[in-house]
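Engineer: what's the 3D shape of this:
(one chain, ligands or ions: 1)
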Amino acid sequence: MSTTTDAHRASTAAASAVAEGLDAARVSWAVGGRLVLDGVDCTAPAGAVSGLLGPNGSGKSTLLRVLAGVQPPTDGAASGADDGGAGVTFAGTDLLALPRRRRARVLALVEQEASTDLPITVLDAVLLGRIPHRSMLAGDTDADREVAHRVLAAVGLTEFAGREVTTLSGGERQRVHMARALAQEPALVLLDEPTNHLDVAAQLDALRVLRTLADDGVTVLAALHDLNLAAQHCDHVVLLAGGRVVAAGDVREVLVPDVLDPVYGVRTEVLTHPRTGRPVLTFSPRG
Ligand SMILES: Nc1ncnc2c1ncn2[C@@H]1O[C@H](COP(=O)(O)OP(=O)(O)OP(=O)(O)O)[C@@H](O)[C@H]1O
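Structural biologist: This next block holds a predicted model:
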């Protein structure tokens, strides 16, 4: 069985061996006196696809927003957590201390409900991702447009470049959000449910894009609800419940009945994928 401490320690050690990953320590966030994140420690190794898992309301979106610097962490002592201040480093740099613009050159966040009601074309929406790379007053350069077309091709949206974003389907918009994030050319990508709204082929496409990023050395951390997608596509997973990390490590250690059943309140059975050797999970109600 994978315990919080053992698996987490092992994955932390693995991440520090890869000097360039994301390392978050003692991250807390409270609202209305309630601790939504309670001293979260987690890592995402560089060059790997990491999955952030957990039931509804466990704190995945909140954690991604804090890691991305969108929402400042609550001071541990002030929030009632029994630890000190939060630390979020990437490649040894204190992410929370970086000015916003510099942080946007390092990391991109793809949120679940990103605003899509701007009356602009897909190409212009993706070009917004280039803003952190140019001076405030400069317009798009040829190099910016080259990057935008490259990332549009990567997410399969080349023929949508001239379409207004508002005319796209939910799945197409989801891919625009991913393309805009990729246009930032970040070294760290945080994604909240990137497969939401996507059909099964598009889900595999999205995960293929994440794999390509990881193969290029990018650190990828994606919140995922589908534990089987995580089982097949993640190198490392972090499981949250009630704002705490309950397990972290390799999918074969974390995605097991002893860990999942109490967290999700279900009965899990684990098979082995005949081709990949990775776990395939089935669920039934507990009782
Ligand atoms: N601004 C806020 N005000 C009050 N409660 C909040 C706020 N933001 C988050 N919460 C609460 O914090 C908890 C964690 O929310 P969060 O969205 O991070 O969970 P999640 O794991 O991403 O959930 P889901 O899988 O349903 O998307 C929830 O109970 C949510 O209602």
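
Engineer: Which SSE is immediately downstream of the helix or strand containing L123?
Structural biologist: Using DSSP states H and E, L123 maps to helix 122-127. Heading C-terminal from helix 122-127, the first helix or strand you meet, by DSSP H and E, is helix 142-154.

Engineer: and that following helix, what other elements does it pack with?
Structural biologist: helix 122-127, helix 170-183 (3 or more C-beta pairs under 8 Å, 6 or more residues apart in numbering; DSSP states H and E). The C-beta positions use only the backbone N, C-alpha and C, and glycine is treated the same way.

Engineer: how about these, which one is nearest the ligand?
Structural biologist: helix 170-183 (14.8 Å; C-beta to the nearest ligand atom).

Engineer: report the angle between the axes of the closest one and helix 142-154?
Structural biologist: Angle between the axes of helix 170-183 and helix 142-154 is 140 degrees (criterion: axes from the mean of the first three to the mean of the last three C-alpha atoms, to 10 degrees).

Engineer: Could you export the helix holding L123 as CSV, CA atoms only?
Structural biologist: Listed next in CSV are the C-alpha coordinates belonging to helix 122-127 (Å, rounded to 0.1, in the frame of the first residue of the first chain):
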residue,chain,number,x,y,z
VAL,A,122,-8.8,32.2,-32.5
LEU,A,123,-5.5,33.5,-33.8
ASP,A,124,-5.8,36.7,-31.8
ALA,A,125,-6.8,34.8,-28.7
VAL,A,126,-3.7,32.6,-29.0
LEU,A,127,-1.5,35.7,-29.7
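
Engineer: what's in contact with that helix?
Structural biologist: Residues outside helix 122-127 that contact it (C-beta atoms under 8 Å, 6 or more residues apart in numbering): 118, 140, 144-145, 148-149, 151-152, 157, 160-165, 168, 176, 179-180, 183.

Engineer: which is the next helix or strand following the strand or helix carrying V245?
Structural biologist: In this assignment (DSSP H and E), V245 forms part of strand 244-249. Per DSSP H and E, the first helix or strand lying C-terminal to strand 244-249 is helix 251-254.

Engineer: for the record, mean pLDDT for that following helix?
Structural biologist: With pLDDT averaged residue by residue, helix 251-254 scores 96.

Engineer: tell me which residues in that helix are buried?
Structural biologist: For helix 251-254, a neighbour-count test (16 or more other C-beta atoms under 10 Å) marks 251, 253-254 as buried.

Engineer: Name the next helix or strand following it along the chain.
Structural biologist: Per DSSP H and E, the first helix or strand lying C-terminal to helix 251-254 is helix 257-264.
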